[in-house]
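Q: My questions are about this predicted structure, shown below with the sequence.
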Amino acid sequence: MSIQVRDLTIAIGGKSIVSGADLDIADGERVGLIGSSGSGKSMISKAMLGLLPRNATASGSIVMGGTDVIGLHERALADLRGRYVGTVFQNPATSLNPVMTVGQQIALPLKLHYDLTKAERAERVAAMLAKVGLDGEVTGKYPHELSGGQQQRVGIATALITSPRFIIADEPTTALDSVTQRQIVDLLTSLVDDAGASMLFITHDFSVLARATTRCYVLDAGRIVESGPTAELLALPATAQARELVSAARLLTLRAGGKEESHD
Amino acid sequence: KKDDAGTSADGSATASTVTIGLKLAPTNLDIRNTAGSALDQVLIGNVYEGIVARDSKNQVAPAIASSWEESKDGLTYTFHLNKNMVFSNGDTLDAEDVVWSINELIAKQYHDADALESVSKVEAKDASTVVITLKTPNSNLLWTLTGRAGLVFDKDAKYDLKTEAVGSGPYTVAKFVENDSITLKANAKYWGKNKAKTPTIVVKYLADDNAAVNALKSGDVQVLAPITENLAEPFTSDPSKYVVKAGDGTDKYVLGFNNASGSKLADKRIRQAIRYAINHDELIASRGGADKALGGPIPSLDPGYEDLTGLYPYDQAKAKSLMAEAGYSEDKPLQLTLTYANIYGTELGDQLRSQLKPIGIDLKVNVVEFSTWLQDVYTNHDFDLSLVDHNESHDFYTWTDPTYYFGYDNKDVQKLYAEGIAATTDEERDAKFAEAAKLISEDAPADWLFNYRITTATAKGVKGFPFSLNQTVLPLYNVTYTK
Amino acid sequence: MHRGLFDFGRSHASRRQVLFGVSAEVHAGECLAVIGASGSGKTTLTRIMLGLAAADSGNIEYRGEGVGRGSAGSRALRAESAIVFQDPFGSLDPRWTVERSVSEPLWLRRRALGFAADEVEGKAAQALARVGLDPRVFLGRYPCDLSGGQAQRVAIARAIVANPRLILADEPMSAIDVAARVQILETFQSILSGEGSGAVDTATGQPIRPAIIMVSHDLGVVQHIADRILVLREGHVVESGPTDAVLGSPQSDYTRQLIAAASL
Amino acid sequence: MRKVRSPGAGETAAHTVTHKPLRRFSIVLQSIWRRGEGKFTLIVLALWLAVALVSLVWTPQSLWATDGYHVWAKPSASHWLGTDGTGADVFSWLMAGSRTNLLIVVLTVALSAVWGLALVAAMVARTPALAGTSVVVVDALISIPTVLIALILAVPLGASIAVIVVACGFGYGLNLARVTRPAALLAARSAYVESARANGASGWRVLVSHIIPNILPVLAVQLSLSAGTAVLAESGLTYLGIGVPSGVPSWGHSLATSVKLINVFPLTVLWPGLIVTVVVVALNVFGDVLRDAVDPVANPALRQAVAQSAGAADNATADPSAAPVARNTGVAEIAEDDGEGGER
Amino acid sequence: MRFVVRRLLLFVAALFGLSVVVFAALRILPGDVASIMAGVNAPPEKAAQLREQLGLNRPLAIQYLDWMGALLHGDFGTSILTGRSVTSLVASRASITFPLIILGLLIALAIGLPLGCAAVLARSARVRAAFHVLAIIGGAVPALWSGLLLILLFGKGTGLVGILPSQGFPMDGWTTPGQALLALILPALSVGIIVGASLMRYTRSALGDLADSGYIDMARSCGMTRTQAVLRVGLRLATPQLVSVIGLTFASMITGVMVIENLFALPGIGNGLVTDVGNRDLIAVQSELFLLAAFFLGVGLVVDVLHRILDPRLKSADTVSEVAA
Ligand SMILES: Nc1ncnc2c1ncn2[C@@H]1O[C@H](COP(=O)(O)OP(=O)(O)OP(=O)(O)O)[C@@H](O)[C@H]1O
Ligand SMILES: Nc1ncnc2c1ncn2[C@@H]1O[C@H](COP(=O)(O)OP(=O)(O)OP(=O)(O)O)[C@@H](O)[C@H]1O
Ligand SMILES: [Mg+2]
Ligand SMILES: [Mg+2]
């Protein structure tokens, strides 16, 4: 599914959070969105899902596979969410429903959108669990009984169970150690590619960004300041905001072979 | 509930059930052991019968005994009983039951046994004649026998007196729910002429005034006795549907003083000042105006009554000067505490407080539970002033007992009372009592706020419900309700 | 100055042992980094070192004195150390102004450090300035008006304000954008070198150079600042040594995995 | 070490508050006043307080001026709300009742606060045995209705204000402890408390300066709810005869005595009921607005005022709004600042 | 399981403690049942004689042990005054009070839950504010007052629309269930409205907090509408909390119920207790108080256990308040 965002402006209580953002995500493309904290990344992703807070107003257009989701009726949005658009949230601990078992959680989008028997659903959930590398026995467990990495996988499984055409991943790997982090990113990209879906990936971590996306946008204070192929952008940032982010990241990148000397 | 028993020609129907709303509920049916006029009210004359009964003028009337004679010396009473009497369980009632009942009362010291202290012997002469012999003459004896002391129980019946009742009256207790209701059913075996006119009478106890008024309004009850006069307005103003009437009673609202030496009220000037300071008319007016002023210990329905209201007329100036003599004034008030039970409401206390304020008495009003009152005031005599509705008739004797909680000890009064009791004619008795009462009133050991008159409200079609004395004597056999 | 942490284990209420015979030492002017996966016991280790949690066995030595419950060593350690917690907002009382939070250690230690009450405000302002925050702007602020990076810096200001000899920093860079990370590292480096710490060790006449123990899962950061590294895995020390040695030629498989995952 | 008087909580507290405590108070008041419901509750509560105070020295009629010839009178020029069953002035009794209810509310709230906070302190204590036991005990006791406690207390004490205060204070304290516990625990186990402790702060100091300020928002709401419930409980218990003793004016007393007359003159019951309802609404709303106003986290105006006064005190020349809003200060800038800071 | 056992032990300990407190408190009472039975005109010896007969003179410790001993055998004693067993007394009173409480609670739930949800879901901020005001006012009305207003409005004989009985309970009790139920409607409404209002506040705040949470966002991202998410996920998540609140409400309702029983002349537990205390029928009172306390402690226990069942996160916690907020 291809997504075109045009002149997206979001304001909360009169305060402008995002102003005039344009984004394009082609069919099957994985696109990154970076920017400092509070620049409005999450707001953009929420706007795409129609999940903005009640006191927020959005204008412009977000066309997803032909429909403009801005101003779309909640019912129609709900039909879109979970079926054509999947979401992986940043913090599984505050998003996975604590009173639902893992199995129920993953099956939820199926239940809401498809007429399947219980057995069919269970079968698909089991298959999905295997894909994200979780044991079948976690089906009956509750989120709080899982580790952070496992919880994150459950989140991914829930987002992907209906084979959506577009995935939004909002910082899906923060708070995980590097090994787990890498596993999750690889898993997500491979699953998205296998399904031929498009993805918007929001992150702070440039090594993750480089691994997960082919193209990316830089957001600063609610404005898109730069965009381009990820590798190029990271190698040669054009704007000051991007440069600042990239140079800081470079400084802190682990270099095999020892500690960098001067640092002022 | 009020299914029709019969329809008369004009279309009105006589109800088979009449529901009567009363106020103070009995906690059990044990009339031998448990005090309280609530039991007398509903059981005596309806379920149990005495050897003699009391009419609505507080006079002695025939009951189980159809007639009686008193010997000239006043020491022997001979009662002739009715024939063919039976209890509700079918047992016959004869002189043996009467003798057994009275002897049992004295032996086991059941409630009111002390009223029969002067009795030396109770015998059955034959199946229908009972003779009571006294040690000393007692002009109160016959009246005493109209109450619990003269009740006749079935010698052979075994039942739990607290929850059941076997008597010879026109009604039987079909159901008793403590603090809530009593259902009376006509006694099918009733022997006498006071046959129940309504097959079922339900007595419903409504402690809350508001609930009571609502109950009459909504038709849940057909009679309310008593009804607070101030609340009767909706009924008095609607005479097409309701009848509201005040009846005489023997309730004396007594503001008792602690007369014992050492008490703050041992000073007669203060007692007198209080009596002068109280505006009885105002008190009565505030209660709706039905009650009667009462200047002494004896109410109009009791022997020895005399209007004593002139002794201490409302006179604030006099009260003030008496207080000044005793050393008190509004600026330097005397602290007194009025302790009374919460059943009488808070209004009287508040009113007394404000009436006594200008004469230099700072009255602290302490409204307590009845049990607390019994303990502190009645038993321990730990009080300055107390307020009680002494509702019993013929209770003048309390003024002759120095150990009673008033602590009033006047030898002249005691002597006069003894003479009155020993009198063999009513006139003599009444004269002695009246003299004693006057002495008491002059002494001001208490103030008699008023003689409470019961206001009763009924639905229009209710007939035969007694308006006088109905808080102690409430014969129900005559009651009917026609819609 | 010598600080030794010898051989201690700890078990939790759940009766599961968390640390197994961990030994480490750190010297003045030196930074020791503790790395390892989430749940490997890093936080527990720092808490034990400060006496916020008790070890079941083993001992801790501070400046040559044993640190036991109520001992002179433990008093000295508490009085001369400071901690920066993982969560920047969690370590600031949300209902205290920055000024109050930063000056709290000063008030608590005023007598021991020997300065007047009216110096407190100045010292707090100075500490804020040292972490790059304008005291005029930030002293009166509440944590909820701070960005993550600002809050982190306030927490660090609070840690350094009373010139501690030991700073324990538990993942001080988590969830902070890269630009902010660099700032914080700069500050640490200046503190380690003893530059302008303002306090002088009465015994030696030299400026106080504190020791820093930093927990982190970001190997780039670790490489940047640490002198030595301690690698923890499930409560066991898998490897420890100078930074260059551990990152350059890791001895254990686990360390190699960590490095491989981080350095893409 | 314990014996040395460490710089007490008061010292820091006083220190922060020296920035014009009055100003802070007025900001809080202003924040409340700015909201519609805030105006309503401030007016009602101020009126309550004023009437209670005035009634100490003046009521339109003396409480004890009873006119038995004019009981249950309709409202008139001399008796604005009519008279009651003793012929006393209803308006005066309601006025005087406001001081009794105020007293009850203040005492109940104070008792429940002290008792509740003591429980909170026990529940978040570092001694697991104490914490565990107190939590369980609170969970158990909380299921006992206040009226039962009042009934049991009324047994030896008789009807009295103390019965209401103790029974309600006890019950509401339990509630308060239970409701504020999560927030208190959050604060007690927080990193800032740990670091304060690592710095040598005593348990008492932590309680007073960290835990209580942090549960203050919940506390404000809970205490004002308790205040409202205490007013309601007063009327209920007085009606049942175990509340305010006779002769003591209170709204519950007015309600209970006038209830009888509802059929004849329903208006008499209207007044005390209305007053109670309005006051309880005001108290409940007060909790909400107070929470929002007094909590710096929720009230930006308060934060701004504090920031301004701090900034002004710190550097008179600097205009705080002109200072750089340092978000993405570059690396270079830091070094510069660093140097400056170091030299000062 | 360990939790339940611990909670049960505590339950027993609390009961025991309460029994001592109740017993002791009642003995401080001035006056006794014997003097009530004797009345005001009897000589003092009469009361003493009754006291002797009733065994009120025995040492307190013996009386307490007697009581406890009988209690352990399930015998709650016999009311001195009414001569009925306390069990049957309580049973007949409870047959009014508990249906009243339950009916009140049902009404409260029927009012509180939907309105609470509506207050969160309403689209317009104005409507939400209106719901809030409604909830606050509803909870601020004294029970006495709301009862009176209902009587004035709907009471048979008195009301503007006099259709419902407002006084007393049918003589035949629940043998005429229709009438019994009718008699309870107004009283239940008067407590139900007040409790409903406070339940509405709780629902509103619990759901309101949840409505902005990640759980709701997650459910919506799976394809629920906001309304669906709040009603299905939000309500379920709020259930443990609401169960606790309802449990506490249940206990606090008894105050309102006692006033209401008085006002509507219902011979229930509240009315009975007040009378029995007044009559110093101590054996009855102590057992009644004990049973009542046991009941409410039991409700607390059930609520705690339910709470744990409903919230899987609590499995390992020691107490409910650990996670309950
Ligand atoms: N409910 C809200 N009301 C008002 N402002 C909000 C709200 N939610 C977010 N904001 C503001 O919107 C801006 C953008 O927030 P957003 O969550 O999109 O940032 P972000 O780029 O995702 O940051 P991060 O990397 O920290 O997640 C921030 O300045 C934030 O303060
Ligand atoms: N209070 C506690 N009760 C029981 N277990 C605990 C407690 N605190 C920590 N643990 C356990 O101890 C182990 C070590 O925890 P610790 O917090 O030290 O990990 P960490 O290395 O700091 O992890 P992270 O990187 O996530 O902060 C974990 O397995 C954790 O589950
Ligand atoms: Mg975000
Ligand atoms: Mg940690």
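A: Everything's here; your move. Residues are numbered from 1 along each chain as shown, chains lettered A, B, ... in the order given. Ligands and ions are numbered 1, 2, ... in the order given.
Q: which residues sit in contact with the residue nearest the centre of chain C?
A: Geometric centre of chain C, nearest residue: C:L168, 1.7 Å, by C-alpha atoms, centre = their mean. Residues counted as contacts of C:L168 (C-beta atoms under 8 Å, 6 or more residues apart in numbering or on different chains) are C:T46, C:M49, C:L50, C:S81, C:A82, C:I83, C:V84, C:I212, C:I213, C:M214. To be clear about C-beta, it is placed using only N, CA and C from the backbone, and glycine gets the same treatment.
Q: which SS state does it fall under?
A: Judged by DSSP: H, G, I helix; E, B strand; the rest coil, the three-state class of C:L168 is strand.
Q: coming back round to it: now go through the contacts of C:L168 and say which are in strands.
A: Secondary structure assignment by DSSP state E places C:S81, C:A82, C:I83, C:V84, C:I212, C:I213, C:M214 of the contacts of C:L168 in strands.
Q: what about the third one, how many neighbours?
A: It stands for C:I83. Neighbour count for C:I83, taken as other C-beta atoms under 10 Å in any protein chain shown: 25.
Q: which one is it nearest to, not counting chain neighbours?
A: C:L168 (4.5 Å; C-beta to C-beta, 6 or more residues apart in numbering or on different chains).
Q: What's the separation between the residue of the stretch 51-200 of chain C at minimum distance from chain A and ligand 1?
A: The shortest separation between the stretch 51-200 of chain C and chain A is 4.0 Å, found at C:V178 (distances taken as C-beta to the nearest C-beta). Noted for C:V178: a distance of 12 Å to ligand 1, by C-beta to the nearest ligand atom, to the nearest Å.
Q: So the closest residue to that residue other than its chain neighbours: helix, strand or coil?
A: With sequence-adjacent residues excluded and distances taken as C-beta to C-beta, 6+ apart, C:V178 is closest to A:A248, at 4.0 Å. In the three-state summary, A:A248 is assigned as helix, counting by three-state DSSP.
Q: Count the neighbours of A:A248 for me.
A: Neighbours of A:A248 under the rule other C-beta under 10 Å: 21.
Q: just B:Y305 next, same as before
A: Burial of B:Y305 is recorded as 18 neighbouring residues (other C-beta under 10 Å).
Q: mind putting the contacts of C:L168 in JSON lines, distance to A:H144 and pLDDT included?
A: Supplementary listing: those in JSON lines, determined by distance: C-beta to C-beta, whole Å; pLDDT from 0 to 100:
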{"residue": "C:T46", "distance to A:H144": "25", "pLDDT": "83"}
{"residue": "C:M49", "distance to A:H144": "29", "pLDDT": "80"}
{"residue": "C:L50", "distance to A:H144": "28", "pLDDT": "77"}
{"residue": "C:S81", "distance to A:H144": "34", "pLDDT": "85"}
{"residue": "C:A82", "distance to A:H144": "33", "pLDDT": "86"}
{"residue": "C:I83", "distance to A:H144": "28", "pLDDT": "85"}
{"residue": "C:V84", "distance to A:H144": "28", "pLDDT": "86"}
{"residue": "C:I212", "distance to A:H144": "34", "pLDDT": "91"}
{"residue": "C:I213", "distance to A:H144": "31", "pLDDT": "91"}
{"residue": "C:M214", "distance to A:H144": "30", "pLDDT": "91"}
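Q: Would you mind listing what in chain A touches ligand 1?
A: A:I12, A:I17, A:G35, A:S37, A:G38, A:S39, A:G40, A:K41, A:S42, A:M43, A:P53 (C-beta under 6 Å from any ligand atom).
Q: Show only the entries of these found in helices.
A: With helices identified by DSSP state H, the entries of the residues of chain A next to ligand 1 that belong to them are A:K41, A:S42, A:M43.
Q: Out of the ones in strands among the contacts of C:L168, which is nearest to ligand 1?
A: Within those, proximity to ligand 1 (C-beta to the nearest ligand atom) peaks at C:V84, which comes in at 19.8 Å.
Q: Where do the helices of chain E begin and end?
A: Here chain E has its helices, by DSSP H, at E:2-27, E:33-38, E:44-54, E:60-72, E:86-121, E:125-140, E:143-154, E:177-211, E:214-221, E:226-228, E:235-263, E:269-279, E:282-310.
Q: quick one: the fifth one to chain centroid distance?
A: Computed by C-alpha atoms, centre = their mean, to the nearest Å, the separation of helix E:86-121 from the middle of its chain amounts to 8 Å.
Q: Which strands and helices lie in contact with the lowest-mean-pLDDT helix or strand in chain A?
A: Counting by mean pLDDT, DSSP states H and E, chain A has its least confident helix or strand at helix A:240-251, which shows a mean of 82. Using 3 or more C-beta pairs under 8 Å, 6 or more residues apart in numbering or on different chains; DSSP states H and E, the elements in contact with helix A:240-251 are strand A:30-35, helix A:206-212, strand A:215-220, strand A:223-229, helix A:230-235, helix C:178-192.
Q: Just the pLDDT for A:L233.
A: A:L233 is assigned 90 on the pLDDT scale.
Q: right, is stretch C:123-130 up against chain A?
A: No - using C-beta under 8 Å from any C-beta of the partner chain, stretch C:123-130 stays clear of chain A, with a minimum separation of 15.8 Å.
Q: remind me, longest helix of chain D?
A: As far as residue count goes, and with DSSP H defining each element, the longest helix of chain D is helix D:90-123.
Q: Quick one: name the residues of the stretch 151-300 of chain D near chain C.
A: Going by C-beta under 8 Å from any C-beta, the residues of the stretch 151-300 of chain D near chain C are D:187, D:190-192, D:194-201, D:210, D:213-214, D:216, D:295-297.
Q: and these, which are buried?
A: When neighbours are counted using 16 or more other C-beta atoms under 10 Å in any protein chain shown, those contain these buried positions: D:187, D:190-192, D:194-201, D:210, D:213-214, D:216, D:295-297.
Q: That'll do, ta.
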